[in-house]
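Colleague: this one's sequence-less:
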């Protein structure tokens, strides 16, 4: 059962996983801070957020890197290190797998572009809006 206290601790843990200042914290250390065993923490986190803590951490770092590539002038290596990856090769592979192209190609494609980058949650909401007919604007009000 998910209590209010446990929900707060899981949300705090999620914030630590996303925080670049907490990059050195292991999942076990974050679980301890959330007053749970590592395995129970992973199960609870996945049940609440839909992904494991490590999957969330990786996705968050890649999202931050995506924004830094478009909005900044740092080198790809600097961005890789700034978001907590220690290997440029691993970073580039994960980035390409997630976004469909290498970081350098992504930066070139969006350089000088007026395209706005929406937070990941906004992309999910937009996809739900477009997919789910209950949100469709084209539905007749008399239905």
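Modeller: It's in. All figures in this text were calculated on a predicted structure; none of them were measured in a lab.

Colleague: domain ranges for the protein?
Modeller: Following automatic domain parsing, one finds the domains of the chain at 4-50, 59-131.

Colleague: In terms of mean pLDDT, which of the ones you listed ranks lowest?
Modeller: Lowest mean pLDDT of the domains of the chain: domain 59-131, a mean of 83.

Colleague: Could you dump the domains of the chain into TSV with mean neighbour count added?
Modeller: C-beta here means a position set from N, CA and C on the backbone, and glycine is covered the same way. Listed next are the domains of the chain as TSV, based on neighbours: other CB atoms under 10 Å:
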stretch	mean neighbour count
domain 4-50	15
domain 59-131	14
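
Colleague: show me the biggest helix of the protein in terms of residues.
Modeller: The longest helix of the chain (DSSP state H) is helix 53-71.

Colleague: packing partners for the helix or strand that it is followed by?
Modeller: Downstream of helix 53-71, the next assigned helix or strand under DSSP states H and E is helix 76-82. For helix 76-82, the packing partners by 3 or more CB pairs under 8 Å, 6 or more residues apart in numbering; DSSP states H and E come out as helix 53-71, helix 88-99, helix 103-110.

Colleague: Could you export the ones you listed as JSON lines, including distance to residue 78?
Modeller: JSON lines is the format used below for the helices and strands packed on helix 76-82 (distance: least, CB to CB, whole Å):
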{"stretch": "helix 53-71", "distance to residue 78": "9"}
{"stretch": "helix 88-99", "distance to residue 78": "10"}
{"stretch": "helix 103-110", "distance to residue 78": "11"}
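
Colleague: Those helices: which one's closest to residue 46?
Modeller: Between residue 46 and those, the shortest gap by CB to CB is with helix 53-71, which sits at 8.1 Å.

Colleague: any idea how far that closest one is from the chain center?
Modeller: Here helix 53-71 is found 5 Å from its chain centre; the criterion is CA atoms, centre = their mean, to the nearest Å.

Colleague: quick one: contacts of it?
Modeller: Here helix 53-71 makes contact (CB atoms under 8 Å, 6 or more residues apart in numbering) with 13-14, 17-18, 20, 27, 30, 41-42, 45, 49, 51, 74, 76, 79-80, 82-85, 91, 94-95, 98-99, 103, 106-107, 110-111, 113, 117, 119-120.
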